[in-house]
Each structure stands twice: as structure tokens, then as C-alpha cells.
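Chemist: the following block contains a protein sequence and its predicted model.
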Amino acid sequence: MIPEESHVGLVTFGTHVHVHELGFSECSKCFVFRGSKEYTSAQVVDQLGMRPVAPTRPGQPPAPPGRQFILPLADVNCETAINNVLQDLQRDPFPVPTTDRPARCTGTAMQVAEALMSASIPPGSCMARVMLFTGGPTTEGMGKIVNRDLTEEVRSHKDLAKDAAPHFRKAKKYYDALAAEMVSHGHICDIFCAALDNTGLFEMKEMIQLTGGQCVLTDSFTNPVFKDSLKRMFTSEDNEGFLGMSSHATLDVLPSRDIKISGTLGCCARSDKKSAAVADTEVGLGGTCQWKLAGLDADSTVAVMFEITGNGSALQDQSGQAPQLFIQFITRYMHWTGQLRCRVTTLTRFWTDGSNSADLINGFDQETAAALMARLATHKMETEDDFDPTRFLDRSLIRLCQRFAEYRKDDAQSFILHSNLQYFPQFMFNLRRSQFVQVFGVAPDETASHRLVLFKMPVLDALAMFQPQLVSYSFNGVEPALLDVSSIMPERILLLDAFFYVVIFHGATVAQWRKEGYQDRPEHEAFKQLLEAPKAEAQQIARRRFPVPKIVDCDQNGSQARFLLAKLNPSATYNNSTAAMSSEVIMTDDVSLQVFTEHLKRLAVQS
């Protein structure tokens, strides 16, 4: 599965960290580091014997280190050594009392792996990835998130909000320092978590976000989501699903005067490059005009925030024409073929007076704005104390409607939105209800995983995370369906694409026909094709997406139907009159989109 031209090393960990010397052919050999001890990179390199040997005569270059921890996979000895280690790999031999968690020194292992990588590979010479596979919480050494005693619970969002997580700040500081070290060396961090419990991904988040790595979160290593996602990491260029991973990238932004750079929201790290175009007020990662992207792929996106300091009307020339403004993006990176490439993108627009609402609204992209608001809200949730994301989204939406909608004061019936804005309130309604804003009952690691993907994916994929796409399959054909409980009908099959999972929902009548085996009868070939069509589409979605989504096949009134019902607009609930006209009722007290829109109109038009 791994390309033969790759160079690989192997580090295993439990109570202690084991660094396997793959180039030692006589027998299996490894170096052991105590998991409870804190090491620096220099100490790790010295203990591994990775320091270049001093020359014996003046003028002679230093000899390379004699240890062989990272070898080309095409080397027969390397492949044999890795297979032998993995075949002989057993549970940690140290006994685990029934009242304790297993010892797992993940933080120490990551420090050792990063030190080994930096000592073995010249900076900027090739793509370098540290891939972590972990099946439980860090309980030993630096970066631990919980003690081994099972009476201590793993931190929750409630604990983090009340500053009642005793290990969080220390672990976060440790992993943030490790992330800065990876960025300085141009290394990429990928984390695969497979456990029912939290593993510490919330604390490790910066190692992935600052280096542009990948993140996969599942419940076990046998889950198809893990297996298929890992295969996608190494898909060749000729096959569908190729990620197109590149490395060692920098992004420079050069705007016209009167435009300042506030910062970026995305999977990148700031550099120390300054210019006169840097704004004083930071949004996201600011204070610079250049950002580093240790890793990027075909789906990587970065949102750049600007501050307008000029006035369009004041910049008009003598002929009355508004002058042009320019923004240039310069991206330098190492292509997956090893080539160094530079891509320059220059945008131009005309200055316009801020009071000219028509010009502003004609250039408004509501899908991009919704994805950007999702990134901005989640960033503020992580960086600002006592931040209320629901209030922030509501006030932003009300101000937008007050500025650009057409209405008469105190007359909600006269409220009309421009066509470029007509879906934006719906996007904000679903964002308010999404897992990005509502974290109650969600594990911190799951929240971190979703936010990492949100900060990386392009607009349409990001939009699907909180505004899923719903498609209806019936004997009348395939057509888009409203994201509403009223779309559920007994003779329909619904396909919901919520990015992280894809739901195939069979109506009650269709499910009953399937259980009775009508699809196996020759005279019901059309029904067989109806059942297969959404499954084929779900598989097609899974093949082109990373991380690979979970596919949920469920029936109306079944336990798995909750995956669909949680995303639908609750227009029919147990306490409203429309429930009698709907084939499905959602048991919730949440307001519907219609009620939300009515309140929005009333607040927008009031004096």
C-alpha cells in the first residue's frame, strides 16, 4: 500500500517508547525511552546515536550517523524488519490493574518520533510525515490528558469551560510546542484515533492544523472508515481518490494600498515576515503577510481576512471612474513529484462606495460567506472566553439583513431579501444547530476532528457539514428534496450527504417491500434498481472524499434513523398542528426554520 520509494521508520509505545532500528539485520533491535520522563530533541538524538561523527583529520567532513532507523521501503531488510516487528508486536507486558487504564505515553512517543525525523531527513528535501495511530487516552508522561486511575473521568466540554480539567493546560502547552517544532522542520503530522474514549486529539489539534496534516477519528481499527481512509492516504495518482499531497509551501499575500491583512483561517502557521500591509487587528492567524503550509493537498483551502482602510469614493480619479484594487497570492510549494513550483494568482476589483448596497450585494457569495462564518465562529469559540456563538451568528445575520434587505420600518410583511442572500438565513439556521456550535453531549475529541476538517475543506464540502444535501429516490425519478421532515414519505428513499456520514433512509412502505423480498422477483426489477441507486451514489461519494464518510443504511422508525432526523428542519413536532399532516414527527422543542425566519424579519425591520 505504501509507495516503494518511501522511506519509513517505526516507533511503538505503551509504558515506554521503543524506536526500532530497521537496518540492524542480525536480530530485532530497538532503543527504549522511559515514557514518564521528559526529553528534549537533542537528548533523543544523542541517545539514539544520531549525531554526526567528528572528523579524525582536519578538513575531513563529518561522517553520517551509523544508525539506520529510517530506510527505503524497497530495501528487503526494511520490509522484513517491519513485518517481523508487527508480527511479534504484543500488548504492553507491564501489568494493568482492573482499576487502572493502560499506560500510554503518546506525548513522549511523538517527541521521540519528531526528533528522529529531524535528525534523519535534511529540512526541505522531501515530504516528511509523522503518522500517529493511537487507541486510547494518553495516561503517562508529558501530554497526558487523564491519570491511569479509572475513578478520574476524561475531560468534557463542561470541564474545559469551567477550567476543571487538571491536565488540559499543561498538555496543550506541550503539544503546541511540539507543533511549532514540526512547523520549523517542515514536517506534517497525521493522527488516526480509534477508540470509544477520548484519546487527546483536542489537545493535539495544533499539531495537525499548523502542519496541514490529516485526521481520522473512529471507534476501532477494524472500522471501514479507518481502513478506507488509510488506503486513500496512499492512493496512486492514476486512481480515483488521489489526494495530491504536496509539502513545504508558503503563501504570500500582497494587497493594494488601503487594504490591510488581518489574518487567515485555515490549516497553516504564521511566519515572521512583516510588511506595511499587516493590520493591527488580528483575525485568526495574523501579524504577518506570509504563512507556512507544511502539507497541503487538492482540497486545502485558506481563508484570508482583510481590513479596508480606504474609502472608495475618496479614491475616484478626475474622470469619476473608480480605480482598481489588486490582491496577489503567491504560493510556493514542493509538488508530489518532487518539483518546486510557484503559483501566482492576481485578483482585481473596482473600488465602490460603502453606501452603494447594490454593488456590494451583487458580489456577495452566500455559500462562501456561510463557510467563512462557520470557521470564524469556531475560531472564536476556541480563543475567546465566555463567547456565545449562537448570539454572534444571530446578531451578524440581523445586521446583514438590516443593511441589505428591502423593507418598510416596522412592517415584517414587506421584508424581501436579494436573490444573492435568500439562502443565507437558512445556512445560519442550520449552522446554529450543527455540531460546530452545539457541543453539548459531544466529546471534545470529536469536536476537534470536525473543526480540523472544516478548516481545511473547500466551500461546498464545508457547507455540507452543517447544511447537508438531501436527495429523494422514488418511482417518479431522482430529485432534490427539502431538508425538512416533510420530505419523509413512506414510498421514498432519501439520501442524506452530511459529509461525515451518508444516510440511506428507506420510507416505511419501501422498507416493508424490501423485507418481503420484492426486489428478488423478476417482475419487480424496477424496485430492485430503486434500492440499488442510492447505494451506488453513496459509494461514489465515499470514494472521492477524505476522511471516508460512514455509510448508514436505515429504515423509517428504526434506531439509526436518528442520523437523518437530527439534520432535518423540525417543521412537524409533537406540539404543533402540522404534525397531523406529516408522515414523521420529530420529538424536539427546537424552533423550525419558519419560526426562525419570522423572528428574523421582525427584528430586522424594527425601528
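Modeler: Yep, that arrived.
Chemist: only alpha carbons, please: show stretch 480-489 as PDB.
Modeler: The C-alpha trace of stretch 480-489 is given here as PDB (Å, rounded to 0.1, in the frame of the first residue of the first chain):
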ATOM      1  CA  PRO A 480     -33.500  17.200  -4.700                       C
ATOM      2  CA  ALA A 481     -35.600  17.300  -1.600                       C
ATOM      3  CA  LEU A 482     -36.100  19.900   1.100                       C
ATOM      4  CA  LEU A 483     -34.100  19.500   4.200                       C
ATOM      5  CA  ASP A 484     -37.300  19.200   6.200                       C
ATOM      6  CA  VAL A 485     -39.200  16.400   8.000                       C
ATOM      7  CA  SER A 486     -42.000  16.800   5.400                       C
ATOM      8  CA  SER A 487     -39.700  15.200   2.900                       C
ATOM      9  CA  ILE A 488     -40.100  11.800   4.600                       C
ATOM     10  CA  MET A 489     -42.700   9.800   2.800                       C
END
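Chemist: ok, and what's touching it?
Modeler: 430, 467-472, 474, 494, 505, 507, 556, 564-565, 567-572, 582-586, 593 (C-beta atoms under 8 Å, 6 or more residues apart in numbering). No exception for glycine: its C-beta is placed from N, CA and C like everyone else's.
Chemist: where in this protein is pLDDT low?
Modeler: Flagging of the chain using pLDDT under 70 yields the residue ranges 52-67, 241, 311-320, 577-582.
Chemist: name the helix or strand for the spatially most central residue of it, please.
Modeler: By C-alpha atoms, centre = their mean, the mean C-alpha position of the chain lies nearest to residue 453, the distance being 1.2 Å. According to DSSP states H and E, residue 453 maps onto helix 444-454.
Chemist: picking that back up, in strands only, show me the contacts of stretch 480-489.
Modeler: Of the contacts of stretch 480-489, the ones assigned to strands by DSSP state E are 469, 470, 471, 472, 474, 494, 505.
Chemist: circling back: other SSEs contacting the helix holding residue 453?
Modeler: On a contact count with 3 or more C-beta pairs under 8 Å, 6 or more residues apart in numbering; DSSP states H and E, helix 444-454 meets helix 157-161, helix 201-209, strand 215-218, helix 366-383, helix 459-466.
Chemist: any buried residues in stretch 79-98, and which?
Modeler: 79, 81, 82, 85 (16 or more other C-beta atoms under 10 Å).
Chemist: what two of these are the furthest from one another?
Modeler: Spanning the widest gap among the buried residues of stretch 79-98 are 79 and 85, at 11.1 Å by C-beta to C-beta.
Chemist: so which of the helices and strands packed on helix 444-454 is nearest residue 436?
Modeler: With C-beta to C-beta, the closest approach to residue 436 among those belongs to helix 366-383: 5.3 Å.
Chemist: the closest one vs helix 444-454, what angle?
Modeler: On the basis of axes from the mean of the first three to the mean of the last three C-alpha atoms, to 10 degrees, helix 366-383 is oriented at 140 degrees to helix 444-454.
Chemist: CA atoms of the helix or strand following helix 366-383 as PDB?
Modeler: Sequence-wise, the next helix or strand downstream of helix 366-383 (DSSP H and E) is helix 389-404. What follows is helix 389-404, C-alpha atoms only, in PDB (Å, rounded to 0.1, in the frame of the first residue of the first chain):
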ATOM      1  CA  PRO A 389     -21.600  31.500  19.200                       C
ATOM      2  CA  THR A 390     -25.400  31.500  18.800                       C
ATOM      3  CA  ARG A 391     -25.700  35.100  19.800                       C
ATOM      4  CA  PHE A 392     -22.800  36.000  17.500                       C
ATOM      5  CA  LEU A 393     -24.400  34.300  14.500                       C
ATOM      6  CA  ASP A 394     -27.800  35.800  15.200                       C
ATOM      7  CA  ARG A 395     -26.500  39.400  15.600                       C
ATOM      8  CA  SER A 396     -24.400  39.100  12.400                       C
ATOM      9  CA  LEU A 397     -27.400  37.900  10.400                       C
ATOM     10  CA  ILE A 398     -29.700  40.600  11.800                       C
ATOM     11  CA  ARG A 399     -27.100  43.300  10.900                       C
ATOM     12  CA  LEU A 400     -26.700  41.900   7.400                       C
ATOM     13  CA  CYS A 401     -30.500  41.900   6.800                       C
ATOM     14  CA  GLN A 402     -30.900  45.400   8.200                       C
ATOM     15  CA  ARG A 403     -28.300  46.600   5.800                       C
ATOM     16  CA  PHE A 404     -29.200  44.800   2.500                       C
END
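Chemist: now the angle between helix 366-383 and helix 389-404, please.
Modeler: Angle of helix 389-404 versus helix 366-383, following the same axes, to 10 degrees, is 140 degrees.
Chemist: next helix or strand past helix 389-404?
Modeler: Scanning forward in sequence from helix 389-404 by DSSP H and E, the next helix or strand is strand 406-408.
Chemist: ok, residues contacting that next one?
Modeler: Against strand 406-408 from outside (C-beta under 8 Å, 6+ apart): 414, 415, 416, 417, 418, 601, 604, 605.
Chemist: tell me, how many residues neighbour the closest residue to residue 440 other than its chain neighbours?
Modeler: Nearest residue to residue 440, sequence neighbours excluded (C-beta to C-beta, 6 or more residues apart in numbering): residue 157, at 7.3 Å. Taking other C-beta atoms under 10 Å as the criterion, the count of residues near residue 157 is 16.
Chemist: check contacts around residue 157.
Modeler: For residue 157, the contacting residues are 439, 440, 442, 444, 447, by C-beta under 8 Å, 6+ apart.
Chemist: with residue 449 instead?
Modeler: Per C-beta under 8 Å, 6+ apart, neighbours of residue 449: 193, 201, 215, 217.
Chemist: ok, back up a step: now list the buried members of the ones in strands among the contacts of stretch 480-489.
Modeler: Listed as buried from the ones in strands among the contacts of stretch 480-489 are 469, 470, 471, 472, 474, 494, 505; burial here means 16+ other C-beta under 10 Å.
Chemist: wait, the first one sits on residue 496?
Modeler: Yes. In this structure, residue 469 is within contact of residue 496 by C-beta atoms under 8 Å, at 7.4 Å.
Chemist: I figured residue 593 hits residue 427, correct?
Modeler: No. Counting by C-beta under 8 Å, residue 427 is not a contact partner of residue 593; they are 10.9 Å apart.
Chemist: so the two - more neighbours on which side?
Modeler: Between residue 593 and residue 427, counting by other C-beta under 10 Å, residue 427 is the more crowded of the two (21 against 18).
Chemist: which residues touch the more buried one?
Modeler: Counting by C-beta under 8 Å, 6+ apart, residue 427 has contacts 366, 367, 370, 463, 466, 467.
Chemist: and the buried ones among the residues you listed, selectable in PyMOL?
Modeler: Entered in PyMOL, the line below selects the buried ones among those, by 16+ other C-beta under 10 Å:
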select buried, resi 366+370+463+466+467
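Chemist: and the contacts of residue 427 as CSV, adding distance to residue 337?
Modeler: Listed next are those as CSV, based on distance: C-beta to C-beta, whole Å:
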residue, distance to residue 337
366, 38
367, 33
370, 36
463, 32
466, 36
467, 37
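Chemist: so who does the nearest residue to residue 100 once chain neighbours are set aside touch?
Modeler: Once flanking residues are discounted, residue 100 sits nearest to residue 148: 4.4 Å by C-beta to C-beta, 6+ apart. Residues near residue 148 by C-beta under 8 Å, 6+ apart: 100, 101, 102, 103, 139, 140.
Chemist: ok, and the most crowded of these?
Modeler: Most neighbours among the contacts of residue 148, by other C-beta under 10 Å: residue 140, with 26 neighbours.
Chemist: would you mind measuring from residue 476 to residue 493?
Modeler: Applying C-beta to C-beta, to the nearest Å, the value for residue 476 to residue 493 is 12 Å.
Chemist: who has more neighbours out of the two?
Modeler: Neighbour tally, residue 476 and residue 493, criterion other C-beta under 10 Å: the higher count belongs to residue 493, 22 against 9.
Chemist: enumerate the beta-bridge partners assigned to that one.
Modeler: residue 473, residue 506 (DSSP bridges).
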